[in-house]
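J.: sequence plus the predicted model coming up.
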Amino acid sequence: MGHSYLSDARALSSRAGVATLLLTLGLTSGCERGAEPSASLEVAARSVQSGALSWNGGWAAVGSGYHGGSLWELDSRERLYNWNHKADSFTLLTTASFSPDNKYVLTTDERTLVLWNRESGQAQQYWSSPTEILASQLGPDGERALLGLADHRASLYNVQRGGIIRNLEHSDRVGAVALSADGERALTGSDAGTVTLWNTRTGESIAHQQHESPIELVAMAPDGSILLSSGRYERAKLWDADGQMVWELPLDEEHVRRGTQITSARFSDDGAWLLTGQPTGRVDLWDIEGQQLAFSWRLPKRKSFHPVSVSVVDLAFTDDPDLYRALSSDGFVHDLSY
């Protein structure tokens, strides 16, 4: 992967130091307010319906109802390509994801999926789906993708050659999916509240969790060692590959009861740190081993007087251990730093 592993001593020292400092000083009120972004880049003139940040935080694939799909290089702050599924029209993209090596991007609308070459900007493959695509995650080398479908299955699909490799059957709609970086493990979440870890080679179930409400988000550490699942009216849960509970994130119970507490989540490469985003625009950095909140940010609204909060669409760690990135629903990519 392009993102260097956070076992790097500098990265570990930096993040652990912040967590220790916050714990020592008792700055809980500062975490609740959240720090402001250090820089912001406008990537859509209006709302973002879908989008993804690359695994190393260097690029953003953005789907906007106002101007369709686009690819941005974030360090140069440049819009590189317009990506739409049909010529001379804007596509309302429903999902987007990068391959772990950041070389390919998958975008979907309700019934079609397109594999893009990030370097050339060209569409490499175009396929149709027999049913509505609710979620997607592109695997290594842009070869396979895991699709969450409305017809009660997750489908491992060969996006290079076309064709279903394996179907993973569920009892309800599959609205959340994730893949390990090597593509060997898949995580799926359904409207029936089931969360299942699968072996993608055999199609066998490895571990299982049952929630009391529909699953809205799942995430997996790149090596597949730690998993996150979030039900609509429940706190997000972390568990290991054996199905054992690791930690329940201490989210505000009142907000949890209102539903959709977590809108995005991203693990660090070594699974030691977790970024989560909320529909209120809050971004949290969690120390998983210490089971504590390390730092928080609050994304600004495009118009401060607007009554609706900005939602966090996606998050990313970067090669700089003190820099993170967040894609917001009102059309910005924000740099988050200490």
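T.: Sure, I can see it.
J.: neighbouring contacts of the helix or strand containing Leu228?
T.: Per DSSP states H and E: Leu228 is located in strand 226-231. Applying C-beta atoms under 8 Å, 6 or more residues apart in numbering, the contact partners of strand 226-231 are 176, 178, 187, 189, 193, 195, 197, 209, 211-221, 236-241, 246, 261-262, 265, 267, 271, 274, 288. Any C-beta I mention is one placed from the backbone N, CA and C, and that applies to glycine too.
J.: buried ones among these?
T.: 176, 178, 187, 189, 193, 195, 197, 209, 211, 214-221, 236-241, 261-262, 265, 267, 271, 274, 288 (16 or more other C-beta atoms under 10 Å).
J.: Trp247: neighbour count?
T.: For Trp247, the neighbour count with other C-beta atoms under 10 Å is 18.
J.: and if you look at Asp269?
T.: Using other C-beta under 10 Å, Asp269 has 21 neighbouring residues.
J.: for Ser136, see how far away it is.
T.: 21 Å (C-beta to C-beta, to the nearest Å).
J.: thinking again about what came up before, need the CA coordinates for the very next helix or strand once past the strand holding Leu228. CSV is fine.
T.: For strand 226-231, the succeeding helix or strand toward the C-terminus, using DSSP H and E, is strand 237-240. The C-alpha trace of strand 237-240 is given here as CSV (Å, rounded to 0.1, in the frame of the first residue of the first chain):
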residue,chain,number,x,y,z
LYS,A,237,-18.8,-2.0,18.5
LEU,A,238,-15.2,-3.2,17.9
TRP,A,239,-14.5,-6.9,17.8
ASP,A,240,-11.8,-9.3,16.7
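J.: the helix or strand following strand 237-240 - contacts with which helices or strands?
T.: Once strand 237-240 ends, the next helix or strand along the chain (criterion: DSSP H and E) is strand 245-248. Where contact means 3 or more C-beta pairs under 8 Å, 6 or more residues apart in numbering; DSSP states H and E, strand 245-248 is packed against strand 237-240.
J.: what pairs with the strand it packs on, parallel or antiparallel?
T.: Strand 237-240 pairs in its sheet with strand 226-231 (antiparallel), strand 245-248 (antiparallel), by DSSP bridges.
J.: who wins for proximity to Val43 among those?
T.: For the strands paired with strand 237-240, the distance to Val43 is smallest for strand 226-231, at 25.4 Å, taking C-beta to C-beta.
J.: so how far is that closest one from its chain's centroid?
T.: 12 Å (C-alpha atoms, centre = their mean, to the nearest Å).
J.: remind me which residues of the stretch 151-300 of the chain are low pLDDT?
T.: Low-confidence regions of the stretch 151-300 of the chain, defined by pLDDT under 70, span residues 254-257, 259-260.
J.: got the CA positions of the strand holding Leu228 in CSV?
T.: The C-alpha trace of strand 226-231 is given here as CSV (Å, rounded to 0.1, in the frame of the first residue of the first chain):
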residue,chain,number,x,y,z
ILE,A,226,-10.1,-5.9,14.1
LEU,A,227,-13.6,-5.0,12.9
LEU,A,228,-16.2,-2.3,13.5
SER,A,229,-20.0,-2.6,13.2
SER,A,230,-22.5,0.1,13.8
GLY,A,231,-26.3,-0.5,14.1
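J.: buried residues in the helix or strand where Leu71 lies?
T.: Per DSSP H and E: Leu71 is located in strand 68-73. By 16+ other C-beta under 10 Å, the buried positions in strand 68-73 come out as Gly68, Gly69, Ser70, Leu71, Trp72.
J.: contacts only, for Leu323.
T.: Gly57, Asp335, Leu336, Ser337.
J.: mind putting those residues in a markdown table, pLDDT, secondary structure and distance to Leu113 included?
T.: Converted to a markdown table, these look like this (pLDDT from 0 to 100; DSSP: H, G, I helix; E, B strand; the rest coil; distance: C-beta to C-beta, whole Å):
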| residue | pLDDT | secondary structure | distance to Leu113 |
| --- | --- | --- | --- |
| Gly57 | 98 | coil | 24 |
| Asp335 | 98 | strand | 30 |
| Leu336 | 98 | strand | 30 |
| Ser337 | 95 | strand | 35 |
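J.: buried among those? Need that as a selection in ChimeraX.
T.: Of these, the buried ones go into a single ChimeraX selection, burial set by 16+ other C-beta under 10 Å:
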select :57,335,336
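J.: how about the contacts of Leu323 in JSON lines, adding distance to Arg77?
T.: Shown next, in JSON lines, are the contacts of Leu323 (distance: C-beta to C-beta, whole Å):
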{"residue": "Gly57", "distance to Arg77": "13"}
{"residue": "Asp335", "distance to Arg77": "11"}
{"residue": "Leu336", "distance to Arg77": "16"}
{"residue": "Ser337", "distance to Arg77": "16"}
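J.: which one among the contacts of Leu323 gets closest to Trp83?
T.: Gly57 (19.1 Å).
J.: that closest one contacts Ala326, correct?
T.: No: checked against C-beta atoms under 8 Å, the pair Gly57 and Ala326 is beyond contact range at 9.7 Å.
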